[in-house]
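Undergrad: A structural model of the following input is requested.
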Amino acid sequence: MIVGTAGHVDHGKTSLVRALTGVDTDRLAEEKARGISIELGFAYTALDGDDESSEPVGFIDVPGHRKFVQTMIAGASGIDVGLLVVAADDGPMPQTREHLAILSWLGVDALIVALSKVDVVDAERRGTALAEVRDVLATSPYAAAPVVPVSTVSGEGLAALRETLREKRDRGRPRPSAARFRLAIDRVFALQGIGLVVTGTCVAGQVALDDHLTLLPSLLGARVGNASRSTSWVAESRRTRSVAATGSSPTTWRSRRTASTRSSPRPIPRSGTRNRGAACVSMPVRPRSTRA
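TA: Residues are numbered from 1 along each chain as shown. Below is the predicted model:
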């Protein structure tokens, strides 16, 4: 199961992921200096404690600042559960509503709300914040979503949040492990002595050491030199693009240059952007009746 954070800047998304996993997903010096997330962060943990047979749950931590909404969309594109973080002292803010709408548009079915920073408010403000959150959820597809009050300072609510995550995992639909392996690539970087490292979200299938993959849409070949349960793997390749897939011939997976969308009463713009995984691609927009 992949969990993606959402919510307004400075509402405690990164602190909450760190409290749940022990991983600080703000790795850049600029992020630490400014105290905000800029890039996607990745972490994972076993919700069942030391049970090595249980599958780890992955977390994608997204920026909350409005300037980084494209990065948020990239991170939320492959998740199973949204973890909307709302600070009890602020209540719902502009990016709370924006991120909630994005999760809905992306078709994320499951949502958990963490009412954070409850240690800095009194009981009256906590109740008001909870009511404000419920009002926002009432106009969304997530009206029945659980709301868990938490504090990363006192530890209040963290056990309840883990239990709620376990329930979502146990009730959720497992990703098809028997299908061909597909990984939506989020990051690519090189490490001395290791080679090219690729991280991302496994959409389907499984991957193992020495498996041969195809990078799409370039159709370049790659071999897995190392693999980790944290959904990262190391590939030997000249370069990479957006999706890695295993098996069969290049014609099994086709890249498309056109996409269909629903009509709108608003005027049709001449251009737009298409978000898929970590990719954000500019593309022209034209009515379907217009020939290329």
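Undergrad: mind listing what the nearest residue to Gln95 once chain neighbours are set aside touches?
TA: Spatial nearest neighbour of Gln95, excluding adjacent residues (Cβ to Cβ, 6 or more residues apart in numbering): His8 at 4.2 Å. Bear in mind the C-beta positions are built from the backbone N, C-alpha and C, glycine included. By Cβ atoms under 8 Å, 6 or more residues apart in numbering, the contact set of His8 is 64, 86-87, 90, 92-96, 99.
Undergrad: and which of those is nearest Asp80?
TA: His99 (16.2 Å; Cβ to Cβ).
Undergrad: surely that closest one meets Val9?
TA: No - contact criterion Cβ atoms under 8 Å: His99 and Val9 do not qualify, at 10.5 Å.
Undergrad: and the residue nearest to Gly35 when sequence neighbours are not counted, how many neighbours?
TA: Among residues not flanking Gly35 along the chain, Asp10 sits closest, at 7.5 Å (Cβ to Cβ, 6+ apart). Neighbour count for Asp10, taken as other Cβ atoms under 10 Å: 17.
Undergrad: what's the weakest-modelled helix or strand in the protein?
TA: strand 232-236 (a mean of 42; mean pLDDT, DSSP states H and E).
Undergrad: quick one: the closest residue in space to Leu191 that isn't next to it in sequence from Ala184, how far?
TA: Nearest residue to Leu191 in three dimensions, chain neighbours excluded: Val197, at 5.7 Å (Cβ to Cβ, 6+ apart). Per Cβ to Cβ, to the nearest Å, Val197 is found 16 Å from Ala184.
Undergrad: The helix or strand hosting the residue nearest to Leu191 pairs with which strands?
TA: Here Val197 sits within strand 195-204, counting by DSSP states H and E. Here strand 195-204 has these sheet partners by DSSP bridges: strand 182-191 (antiparallel), strand 232-236 (antiparallel).
Undergrad: which residues touch stretch 131-144?
TA: 86, 91-92, 96-97, 100-101, 103-104, 111, 113, 115, 145, 147.
Undergrad: rerun at 10 Å
TA: When contacts are defined by Cβ atoms under 10 Å, 6 or more residues apart in numbering, stretch 131-144 is touched by residues 82, 84, 86, 88, 90-92, 96-97, 100-101, 103-104, 107-113, 115, 145, 147.
Undergrad: What mean pLDDT does that stretch get?
TA: On average, the pLDDT along stretch 131-144 is 95.
Undergrad: First-to-last residue distance for it?
TA: When the termini of stretch 131-144 are compared using Cα to Cα, to the nearest Å, they are 13 Å apart.
Undergrad: Tabulate the contacts of His8 in TSV, adding columns for distance to Lys168.
TA: Compiled in TSV, the contacts of His8 are given as follows (distance: Cβ to Cβ, whole Å):
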residue	distance to Lys168
Gly64	22
Val86	18
Ala87	22
Asp90	25
Pro92	22
Met93	25
Pro94	27
Gln95	23
Thr96	20
His99	18
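Undergrad: now stretch 216-225: how far from the chain's centre is it?
TA: 23 Å (Cα atoms, centre = their mean, to the nearest Å).
Undergrad: So for His99 and Val9, which sits in the more crowded spot?
TA: Using other Cβ under 10 Å as the criterion, His99 and Val9 rank with His99 on top: 26 against 17.
Undergrad: ok, now which ones touch that one?
TA: Taking Cβ under 10 Å, 6+ apart as the test, what His99 contacts is 4-8, 13, 62, 64, 69, 72-73, 76, 82, 84-85, 93.
Undergrad: In helices, which of the residues you listed appear?
TA: 13, 69, 72-73, 76 (DSSP state H).
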